[in-house]
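A.B. asks: Here you go, sequence then predicted model.
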Amino acid sequence: MTESAQAPFVRYEVGDGFAVLTLDSPHNRNALSSRLVRELLVGLERAAADDTARGVILTHTGNTFCAGADLKEALDADPAAAADQRTRWMIDVLRDILTLPKPVVAQVNGNVRAGGMGILAACDLAIAGPDSSFALTEARIGLAPFMISLTLLPRMTARAAARYYQTGETFDAAEAERIGLITVAAQDAASEVSRLRGELRKGSPQGLAESKRLVNAALLAEFDRSAEELAKRSAGFFGTPEVIEGMTAFFQRRPPSWAE
């Protein structure tokens with residue numbers, strides 16, 4: 001079966017005046033595989049051009065919003081080439097969300113890890129339900145949150161970033177709201193997003209677009225200054241002995257050598 005004939009990894013629908021992009025690759029916890037990233041970029045481009053959509057809702061199926069990089073795909077590929085491609089994709093996804101001339105609202109009720117955290121931080125509004133959990137686990141496999149720092153650091157408090165970047169601890173929606181990662185920790189994420197849709201529809205398309213540009217101007221300026229340097233640093237770490245050991249240990253469900 002060809003890829004085009006298969007069920008999409010990112011579903012596109014329009015309802016109640018908003019484009020809804022649903023990450024629907026539960027077999028790998030909505031990991032950022034090459035196919036999911038390609039479909040997400042197409043979906044964002046489609047939403048930007050869709051005159052029937054006043055904004056975008058980014059949500060998910062299953063118990064995970066996004067698990068970050070597809071480590072199986074990364075381990076099977078040539079490390080240098082695959083790392084370079086993944087960093088380019090991440091730059092494109094984050095920048096497309098930041099510059100899309102419509103509000104992008106994340107609706108999450110599940111796990112958010114690694115690269116998924118950067119996508120969440122790029123969204124204009126982020127609503128998380130009670131089953132949500134968050135973690136930055138890159139240091140545990142010999143990496144660091146390189147590319148996603150472009151959106152995470154402007155959102156999170158400095159103390160929180162210093163803690164969670166290094167410890168890899170898991171935290172809940174209430175903590176995510178306290179440190180600025182999300183907008184609202186809601187008992188019912190869908191209901192809160194529905195309410196916010198109503199508020200956003202009161203704004204004109206032009207007013208919403210220009211307001212978003214104002215809010216994201218400084219973030220985008222730093223993004224464009226730092227993206228290439230971070231991309232090089234990120235790509236340079238894939239294929240190193242510590243990362244190979246960290247990823248292998250992850251798949252073998254054992255502690256890496258430095259944690260034993």
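C.D. replies: On my side now, so go ahead. Bear in mind the structure is a predicted one, so any value in this text is a computation, not a measurement. Residues are numbered from 1 along each chain as shown.

A.B. asks: where along the stretch 151-260 of the chain do the strands fall?
C.D. replies: Listed in chain order, the strands of the stretch 151-260 of the chain (DSSP state E, counting those that start in this stretch) span 171-172, 184-185.

A.B. asks: In a markdown table, list those strands along with mean pLDDT and distance to residue 253.
C.D. replies: No exception for glycine: its C-beta is placed from N, CA and C like everyone else's. Output for those, formatted as a markdown table (pLDDT from 0 to 100; distance: least, CB to CB, whole Å):
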| stretch | mean pLDDT | distance to residue 253 |
| --- | --- | --- |
| strand 171-172 | 98 | 23 |
| strand 184-185 | 98 | 31 |
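
A.B. asks: Using TSV, lay out these together with mean neighbour count and distance to residue 17.
C.D. replies: Output for these, formatted as TSV (neighbours: other CB atoms under 10 Å; distance: least, CB to CB, whole Å):
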stretch	mean neighbour count	distance to residue 17
strand 171-172	17	31
strand 184-185	18	20
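
A.B. asks: Figure out which of the ones you listed is closest to residue 128.
C.D. replies: Of all those, strand 184-185 sits nearest to residue 128, with 5.6 Å by CB to CB.

A.B. asks: Mind listing residues that contact the closest one?
C.D. replies: Strand 184-185 has contacts (CB atoms under 8 Å, 6 or more residues apart in numbering) with 125-128, 130, 132, 172-174, 176-177, 192.

A.B. asks: Drop anything exposed from those.
C.D. replies: 125-128, 132, 173, 176-177, 192 (16 or more other CB atoms under 10 Å).

A.B. asks: Now, the residues you listed that are in helices?
C.D. replies: Cross-referencing those against helices under DSSP state H gives 173, 176-177, 192.

A.B. asks: nearest to residue 230, of those residues?
C.D. replies: residue 176 (22.9 Å).

A.B. asks: Grab the nearest non-local neighbour of that closest one.
C.D. replies: residue 182 (4.5 Å; CB to CB, 6 or more residues apart in numbering).

A.B. asks: Any stretches of the stretch 1-150 of the chain with poor pLDDT?
C.D. replies: By pLDDT under 70, the weakly predicted segments of the stretch 1-150 of the chain are 1-5, 71-84.

A.B. asks: Output the strands of the stretch 151-260 of the chain as CSV; include the columns distance to residue 221.
C.D. replies: Formatted as CSV, the strands of the stretch 151-260 of the chain follow (distance: least, CB to CB, whole Å):
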stretch, distance to residue 221
strand 171-172, 29
strand 184-185, 27
